[in-house]
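Peer 1: Here is a sequence with its predicted model. Questions after.
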Amino acid sequence: MGTTENLFGQRLRQARTMRGWSLRELAQETGSKVSHNALARYERGEMSPGSAVLIAVAAALGQPVDFFVRPFTIKLVGIRFRKKAGLSEMEKKAVREQAVDFLERYREAEEIVGDVRTFVPPLEGNPVRSLEEAEQLATALREKWNLGNDAIPSVIELLENKGIKVCELTAAVNDGFDGFSAATDAGPVVVLAGWLDKNLPRKRMTAVHELAHVVLPLPEDEELEEKIATYFAGAFLLPKETFSEAFGKVRNRFSLRELIEMKLQFGVSIMAMMTRANQLGLIQAATYRKFWEYVKQEQWREKGGEPGDEEYRGQEAPMRFPQLVRRAVAEEEISLSKGAALLNQDLGAFRKELREVIA
């Protein structure tokens, strides 16, 4: 949390970190209106900026002036990036600060509207130690949330309805990063990389993988923790009874089109479905090996996707935060400019979105 004595300096460092810029790079982006030495002194709290400096820095960083005087209200804890996240330390810091900024704006919108959704932990117990327990808990969570055994239309809508905030990072993040989850005093958050919109089945699986980190009592062993979260995600999206019925008992051969149709039904990749079929004993080990040989031959991983990805048209975008902001503007609880600032959106574009308000 920031102190009021050096709020500008800490917000300046946060905004610069979100961009992944050094002090010299930021100085250049201001058109040399502010030197990197002066920026360093501002960040350390040794100087306070005048209006000209504040405007120049805000414009360079793409932030509203209000950002630099906004109190800190959110702190992320319990973040764990996956071993294969493929992010540098600077990129990890940028991702964390982007998430904090989003959550502060989200929380403010909830409080303005008076619609703060509380997360209620659905599962309790000792740390999960086996894949069998992960299977049982996936079933238990579906029962607890009254989801039945059908495919889930929108994973992100489900998470938001249950009080889990979903943050989608639209800023450039390399495709080695899928997402992470964290705890805050405003409830849990699931952070997803924006590039996942190119592959919605993967986005859904990533969201449920992070859901596992939120709802399951996981072991401290990082390798086992990831295995359990991955297994849970497959079991949650492909419930045993429904998936087994759609897949068929002990199969040896498949048509690609058949697998694509099941992908469209469940919103899960073919690779994840075949892994699930292997777990449930619906295919023999030899058939499973042949499938992965085919995947390697067709270079699905190298191509960054598989057949049918473009056909899946699920709705997997966070909607609650922008809806809260638009509601606040429509009910005149905040101004258009405040709404645009909360959404980090251009004021002109935001005004066009809301040009018709029905009384």
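Peer 2: Received, thanks. The structure displayed is predicted, hence computed values, not measured ones. Residues are numbered from 1 along each chain as shown.
Peer 1: Now do Gly163: how many residues are near it, please.
Peer 2: Counted with other CB atoms under 10 Å, residues neighbouring Gly163 total 15. Yep, even glycine has a C-beta here, placed from its N, CA and C like the rest.
Peer 1: same check, this time on Val189
Peer 2: Neighbour count of Val189, defined by other CB under 10 Å: 26.
Peer 1: And the one 10 residues further on, by the same measure?
Peer 2: Under the neighbour criterion other CB under 10 Å, Asn199 is assigned a count of 19.
Peer 1: Could I get the contacting residues of it?
Peer 2: Asn199 is in contact with 304-305, 309, counting by CB atoms under 8 Å, 6 or more residues apart in numbering.
Peer 1: Weed out the non-buried ones from those residues.
Peer 2: Neighbour-count burial (16 or more other CB atoms under 10 Å) applied to the contacts of Asn199 gives Asp309.
Peer 1: any chance of the contacts of Asn199 in JSON lines, plus distance to Gly234?
Peer 2: Formatted as JSON lines, those follow (distance: CB to CB, whole Å):
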{"residue": "Gly304", "distance to Gly234": "20"}
{"residue": "Gly305", "distance to Gly234": "18"}
{"residue": "Asp309", "distance to Gly234": "18"}
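Peer 1: what's the offset of stretch 180-190 from the middle of its chain?
Peer 2: Centroid separation for stretch 180-190 versus its chain: 10 Å, with CA atoms, centre = their mean, to the nearest Å.
Peer 1: buried set for that stretch?
Peer 2: 180-184, 186-190.
Peer 1: farthest pair in these?
Peer 2: Phe180 and Ala186 (16.5 Å; CB to CB).
Peer 1: about what we covered before: looking at the contacts of Asn199, which are in helices?
Peer 2: Nothing among the contacts of Asn199 maps onto helices, per DSSP state H.
Peer 1: Lowest-confidence entry in the buried residues of stretch 180-190?
Peer 2: Within the buried residues of stretch 180-190, Ala186 has the lowest pLDDT, namely 86.
Peer 1: list the contacts for Phe8?
Peer 2: Residues in contact with Phe8, defined by CB under 8 Å, 6+ apart, are 42, 48-49, 54, 68-69.
Peer 1: Helix, strand or coil: sort out it for me.
Peer 2: Put simply, Phe8 is helix when judged by DSSP: H, G, I helix; E, B strand; the rest coil.
Peer 1: can you offset everything so residue one is 7?
Peer 2: Done: numbering now begins at 7, and the last item shifts to Phe14.
Peer 1: Any figure for the gap between it and His42?
Peer 2: Noted for Phe14: a distance of 16 Å to His42, by CB to CB, to the nearest Å.
Peer 1: before we move on, back to that, which one of the contacts of Asn205 is nearest Lys150?
Peer 2: Asp315 (31.1 Å).
Peer 1: Which residue, other than its chain neighbours, is closest to the closest one?
Peer 2: In space, not counting the residues next to it along the chain, Asp315 is nearest to Asn205; the distance is 5.5 Å by CB to CB, 6 or more residues apart in numbering.
Peer 1: same thing with Arg113?
Peer 2: Counting by CB to CB, 6+ apart, the residue nearest Arg113 is Ala192, at 4.9 Å.
Peer 1: Let's verify that neighbour: helix, strand, or coil?
Peer 2: Here Ala192 is recorded as coil under three-state DSSP.
Peer 1: for it, what are its contacts?
Peer 2: Applying CB under 8 Å, 6+ apart to Ala192 gives the contacts 79-80, 109, 112-113, 171.
Peer 1: tell me the phi and psi of it?
Peer 2: Ala192 adopts backbone torsions of phi -100, psi 10, taken as degrees, to the nearest 10.
Peer 1: how much space is there between it and Ile85?
Peer 2: With distances taken as CB to CB, Ala192 is found 15 Å from Ile85.
Peer 1: One more: Glu312?
Peer 2: Glu312 is 30 Å from Ile85, where distance means CB to CB.
Peer 1: can you list the domain ranges for the chain.
Peer 2: What automatic domain parsing lists as the domains of the chain is 7-78, 137-317, 326-359.
Peer 1: Let me know the pLDDT of Thr145.
Peer 2: So, for Thr145, pLDDT stands at 97.
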